[in-house]
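# using only what follows, build the 3D model:
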Amino acid sequence: MMDRKELWQAPKSPMVYGLCLDDGVIRYVGMTQNAYSRFRAYRSPRFKGNDTLLAWLKDNADRVFFVCLHNGSDGLADAEKRWIKKLRGQCFNIVSGGIQSWRVNERKPWTAGRGVLPPSSWIISRFARAKDWDGYAEATAIRDEIVSEMSDAERCAYELAIAKEHRAMIEHRHQKWLEACADRIAACLEMEAA
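Purely as a prediction, here's the structure:
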């Protein structure tokens, strides 16, 4: 039997994971670049996604565990496919008897990649570096509530506004982020305007 852990124990790293109850039977397989954030989203009342998963999480609230099936970002999508195929008879990753189409998550226009935070995340991370956990929790909750209903174009505009407002404070970070995202942000905003 694999080592089960509670959702709050998840690392902030990429993994393919299985969700299960006390019986250890994996009911859902997923992949993420940040397990801690994904599982935090699962516990949020604003979580949207697979309806079956949503209902199962709600019904089992404090009884859900995770097991790490694959660590690290190398081969993440392939590992997820293999595990779903292997566990297909017991998981609800299957829709109407067929397997969902596979796709690697596309990078969002405002994300620059590993180690380069968007402006809203960088501002929030300042609370963590200052060990102001109340400020961090409050700022994260406010940001998450604001962005949860935004379109991609609205999120791009939001991140640009924060970058502009705090440019002097985060100038080198702002420039690195903007260089990595400018083309995708521009394309997203143009598509929205069309």
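
# for stretch 4-22, which positions count as buried?
With burial defined by 16 or more other CB atoms under 10 Å, the residues of stretch 4-22 counted as buried are Arg4, Lys5, Leu7, Ala10, Pro14, Met15, Val16, Tyr17, Gly18, Leu19, Cys20. Using the backbone N, CA and C atoms, a C-beta is placed for each residue, glycine as well.

# just stretch 176-184 next, same as before
Under the neighbour-count criterion of 16+ other CB under 10 Å, stretch 176-184 has Trp177, Leu178, Ala180, Cys181, Arg184 buried.

# stretch 30-42 too?
Buried residues in stretch 30-42, defined by neighbour count with 16+ other CB under 10 Å: Gly30, Met31, Thr32, Ala35, Arg38, Phe39, Arg40, Ala41, Tyr42.

# residue contacts, the spatially closest residue to the third one that is not a sequence neighbour?
Read that as Thr32. Nearest residue to Thr32, sequence neighbours excluded (CB to CB, 6 or more residues apart in numbering): Arg38, at 4.0 Å. Neighbour list for Arg38: Ala10, Gly30, Thr32 [criterion: CB atoms under 8 Å, 6 or more residues apart in numbering].

# which of the buried residues of stretch 30-42 lies closest to Ala194?
Ala41 (30.8 Å; CB to CB).

# thinking again about what came up before, any idea which element the residue nearest to Thr32 lies in?
In this assignment (DSSP states H and E), Arg38 forms part of helix 35-42.

# any idea how the chain splits into domains?
5-99, 119-193 (automatic domain parsing).

# how long is stretch 108-124 from one end to the other?
For stretch 108-124, the first-to-last residue distance is 19 Å (CA to CA, to the nearest Å).

# what's it in contact with?
Here stretch 108-124 makes contact (CB under 8 Å, 6+ apart) with 107, 125, 136, 139-140, 143, 147, 152, 155-156, 158-160, 162-163, 166, 170, 173-174, 176-177, 180-181, 184-185, 187-188.

# with stretch 152-170 instead?
Stretch 152-170 has contacts (CB under 8 Å, 6+ apart) with 108-110, 118-120, 122-123, 146-147, 150, 174, 177-178, 185, 188-189, 191-192.

# now do stretch 125-143
Leu117, Ser120, Ile123, Ile124.

# alright, I will stop here.
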